[in-house]
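Peer 1: Next comes the sequence, and after it the predicted model I'd like to discuss.
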Amino acid sequence: MEPKMIMVVVVALIMLAVGVFAFFSLWSNLEQIPEFGASAQECQTVTTPGVPQTVTLPRGATVTSVRERLNTGTWQTIDSGNYSHVGTTITVNVTG
């Protein structure tokens, strides 16, 4: 076998080994970013029902429904006319 061919094979194997090492090093150091659940809730206690309540939501959150829990322990859905959603802030007019 020619010395040039041996050298090409050795260099190719070294490059392959370095690439495999880099790939697995990167793979093992990747962190998974936890996502909040689709059914996550943001709760706030209302002290003065006559004042609109403001809640700041996590970035990227989507408002699917707004509900209030009454003193009786029951839940009531608030219609879209009684809350506004701008950016990450939702303002709710308490109805119960």
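Peer 2: Here it is on my side, so go on.
Peer 1: Run a quick neighbour tally on the residue nearest to Arg69 when sequence neighbours are not counted.
Peer 2: With CB to CB, 6 or more residues apart in numbering as the measure, Trp75 is the residue that lies nearest to Arg69, at 5.4 Å, once sequence neighbours are left out. For the C-beta atoms, the positions are set from N, CA and C on the backbone; glycine is no exception. Other residues lying near Trp75 total 10 when counted by other CB atoms under 10 Å.
Peer 1: Quick one: residues contacting Trp75.
Peer 2: With contact set as CB atoms under 8 Å, 6 or more residues apart in numbering, Trp75 has these partners: Arg67, Glu68, Arg69.
Peer 1: and what of Arg59?
Peer 2: Thr88.
Peer 1: element containing it?
Peer 2: With secondary structure defined by DSSP states H and E, Arg59 is part of neither a helix nor a strand.
Peer 1: confidence score at it?
Peer 2: Reading off the confidence values, Arg59 has pLDDT 75.
Peer 1: Need phi/psi at it.
Peer 2: phi -60, psi 140 (degrees, to the nearest 10).
Peer 1: Check the offset of the one helix or strand Arg67 maps to from the chain's centre.
Peer 2: For Arg67, the element it lies in under DSSP H and E is strand 66-69. With CA atoms, centre = their mean, to the nearest Å as the basis, strand 66-69 stands 23 Å off its chain's centre.
Peer 1: List the neighbouring strands of it plus their orientation.
Peer 2: Using DSSP bridges, the strands paired with strand 66-69 are strand 75-78 (antiparallel).
Peer 1: could you give the mean pLDDT of the partner strand?
Peer 2: Averaging pLDDT along strand 75-78 gives 81.
Peer 1: For that strand, buried residues please.
Peer 2: Ile78 (16 or more other CB atoms under 10 Å).
Peer 1: which strands and helices sit next to the next helix or strand after that strand?
Peer 2: Counting by DSSP H and E, the next helix or strand C-terminal to strand 75-78 is strand 83-86. Using 3 or more CB pairs under 8 Å, 6 or more residues apart in numbering; DSSP states H and E as the contact criterion, the elements in contact with strand 83-86 are strand 89-92.
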